[in-house]
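Asker: could you look at this predicted model? Sequence included:
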Amino acid sequence: MRLAGVGKRYGRRGPWVLREVELTLRPGSLVRIEGANGSGKSTLLKLLAGIERAGRGTVEAPAGRAYVPERFPPALPFDARAYLCHLGRIRGLSAAEARRRADHWLERFGITGYAGTPIGRLSKGTCQKVAVAQALLAEAELLLLDEAWTGLDQSARGELDGAVAERAAAGGLVVFVDHDPTRLAGLATGAHRVADGVLHEVPLPQAGPDGPRTAVVVEAEALPEWLPGRPERKPLADGATRLDVPSAHADALLRRLLAAHPPVHIRSVREDNA
Ligand SMILES: Nc1ncnc2c1ncn2[C@@H]1O[C@H](COP(=O)(O)OP(=O)(O)OP(=O)(O)O)[C@@H](O)[C@H]1O
């Protein structure tokens, strides 16, 4: 995926929101876009999604794209399952496969009970889960997430983290905007900041091999497959597991563990400064 000399303004006389954006990303990357309010993050994602057109420059993006917008249109004339099946069909899935994936994501987000509810009558949080599900079921080459975690409960956030990790592991390219600087800690491969219409590469939160590490001892029937910071997992003699992560990722790891299903009991947390 490549952006070269991209500029975007709304209206013929509007100010250039993006002026000269250069960005090349490889499949399998997981990239964070940050920037001040109104700097143009959503605009950038819309250009990548093909929803807005660049005023100048070139945008090369894969045909298979899925996008979670910052605001999901609320008054769609579908119930949740019918909407997901419909979008699956638009993406070329068979009716049976679209239904299978729709049910899979409804179940993963814990909203199977709302499958038959018209989207306009869903709570904000449930609606957001549907918005995220429609993008995930596409298994797209390019997945664009604009504040997709906002409005989700802890457990759904954990599911989304896991789903994003799966997409990147399958070779997909994921570009996301989120206000939490630790979002997808340990998984993101790059970060860029939008400022004055230009993109600047910025370092990811420090998690060098020589920095402090945190050991978290947990008891659980099963641990989520993907955990922030990709901790080393060491089984202990009494059946507990010791997770060892760079301390920069400890908060994100603890949040994920607290939201896990089946539940995880955190027995101890210790930072090792040695
Ligand atoms: N459809 C539109 N028509 C006119 N101006 C727009 C439109 N969409 C965005 N803008 C303007 O473009 C600028 C960048 O907006 P954008 O939503 O991309 O920023 P952002 O970084 O995502 O902001 P936030 O963090 O507040 O979501 C803002 O000044 C905004 O007012």
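Answerer: In hand now; what should we look at?
Asker: interface residues of the protein facing the ligand?
Answerer: Within the chain, the residues that sit near the ligand (Cβ under 6 Å from any ligand atom) are 10, 17, 35, 37-43, 70. Glycine gets a C-beta too; all of them are placed from N, C-alpha and C.
Asker: kindly recompute the last result at 5 Å.
Answerer: For the chain, the residues in contact with the ligand (Cβ under 5 Å from any ligand atom) are 10, 17, 37-43.
Asker: between the residues you listed, which sits nearest Val174?
Answerer: Val174 lies nearest to Lys41 out of these, by Cβ to Cβ, at 14.9 Å.
Asker: got the domain ranges for this structure?
Answerer: Following the TED database, one gets these domains for the chain: 1-64+140-153+161-206, 73-139, 213-272.
Asker: mind putting those domains into TSV with mean neighbour count?
Answerer: Below are the domains of the chain laid out as TSV (neighbours: other Cβ atoms under 10 Å):
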stretch	mean neighbour count
domain 1-64+140-153+161-206	17
domain 73-139	18
domain 213-272	16
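Asker: mean pLDDT lowest where, among those domains?
Answerer: With a mean of 89, domain 213-272 has the lowest mean pLDDT of these.
Asker: end-to-end on it?
Answerer: Between the opening and closing residues of domain 213-272 there is a gap of 5 Å (Cα to Cα, to the nearest Å).
Asker: quick one: it to chain centroid distance?
Answerer: With Cα atoms, centre = their mean, to the nearest Å as the basis, domain 213-272 stands 21 Å off its chain's centre.
Asker: who does the closest residue to Ala250 other than its chain neighbours bridge with?
Answerer: Using Cβ to Cβ, 6 or more residues apart in numbering and skipping residues adjacent in sequence, the residue nearest Ala250 is Thr214, 4.0 Å away. With beta bridges defined as DSSP bridges, Thr214 has these partners: Val245, Glu271.
Asker: tell me where the protein has strands.
Answerer: With DSSP state E as the criterion, the chain has strands at 2-9, 16-24, 30-35, 56-60, 65-68, 142-146, 173-177, 190-195, 198-202, 213-220, 232-235, 241-246, 264-272.
Asker: CA atoms only: put the fifth one into PDB for me.
Answerer: By that I understand strand 65-68. What follows is strand 65-68 as a C-alpha-only set of coordinates in PDB (Å, rounded to 0.1, in the frame of the first residue of the first chain):
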ATOM      1  CA  ARG A  65     -10.500  -3.200   2.300                       C
ATOM      2  CA  ALA A  66     -12.700  -3.100   5.400                       C
ATOM      3  CA  TYR A  67     -13.300   0.000   7.500                       C
ATOM      4  CA  VAL A  68     -14.800   0.800  10.800                       C
END
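Asker: just to revisit the earlier point, quick one: which of the residues of the chain next to the ligand is nearest Asp178?
Answerer: Lys41 (9.8 Å).
Asker: got a list of contacts for stretch 73-86?
Answerer: 95, 98-99, 101-103, 105-106, 111, 114-120, 122, 126-127, 130, 133-134, 137 (Cβ atoms under 8 Å, 6 or more residues apart in numbering).
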